[in-house]
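In: what follows is a predicted structure for the sequence shown.
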Amino acid sequence: MEEAAQTIVGRRDFSAFGGHHRQPIRTLHALRVRRQGRTVTIDVIGDAFLRQMVRSIVAALLRVGRGEVTGTEFQAALQAPTRAFAGEVAPAAGLCLRRVTYPATGRKRNGA
């Protein structure tokens, strides 16, 4: 799963994992997969995400982990003209947003 995850890090068109969007180019800065017992933790760091993009990536990585697809098939799914793996998404239960950060702009907020 970790090896497959590293193949999609970078700036690219993520339409296959996020559906139609007028600007599907996104940058994944990091994608880390860890396993402790039965718990799999997947950290995704990017500049922005398409609707259901992270859930789609997680579902696809779980397919890799279960041996249903190879890492090569996972990477090839990103190039597909349609939604990867029929648009399968991981269930929202167990997923959490941990942090949102914005770059410093040098501007003061609220006149402070």
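Out: In hand now; what should we look at? The structure presented is a predicted model; accordingly, all values stated were derived computationally and were not measured.

In: what packs against the helix ranked longest in the chain?
Out: As assigned by DSSP state H, the longest helix anywhere in the chain is helix 53-65. Applying 3 or more CB pairs under 8 Å, 6 or more residues apart in numbering; DSSP states H and E, we find helix 53-65 packed against helix 2-6, helix 15-18, strand 25-36, strand 39-46, helix 71-79. C-beta: built from backbone N, CA, C; applies to glycine.

In: can you say which of the ones you listed is packed in most?
Out: Highest mean neighbour count among those (mean count of other CB atoms under 10 Å): helix 15-18, with a mean of 24.

In: list of residues touching it?
Out: Helix 15-18 is contacted by residues 21, 24, 26, 49-53, 56-57, 60, 77-84 when judged by CB atoms under 8 Å, 6 or more residues apart in numbering.

In: just the buried ones from those residues?
Out: 24, 26, 49-50, 52-53, 56-57, 60, 77-78, 83-84 (16 or more other CB atoms under 10 Å).

In: low-confidence stretches in this structure?
Out: Applying pLDDT under 70 to the chain flags the ranges 106-112.

In: next one: the residue positioned nearest the centre of the chain relative to Ala92, how far apart?
Out: In the chain, the residue lying closest to the centroid (CA atoms, centre = their mean) is Val54, at 3.7 Å. Remark: distance between Val54 and Ala92 (CB to CB, to the nearest Å) = 11 Å.
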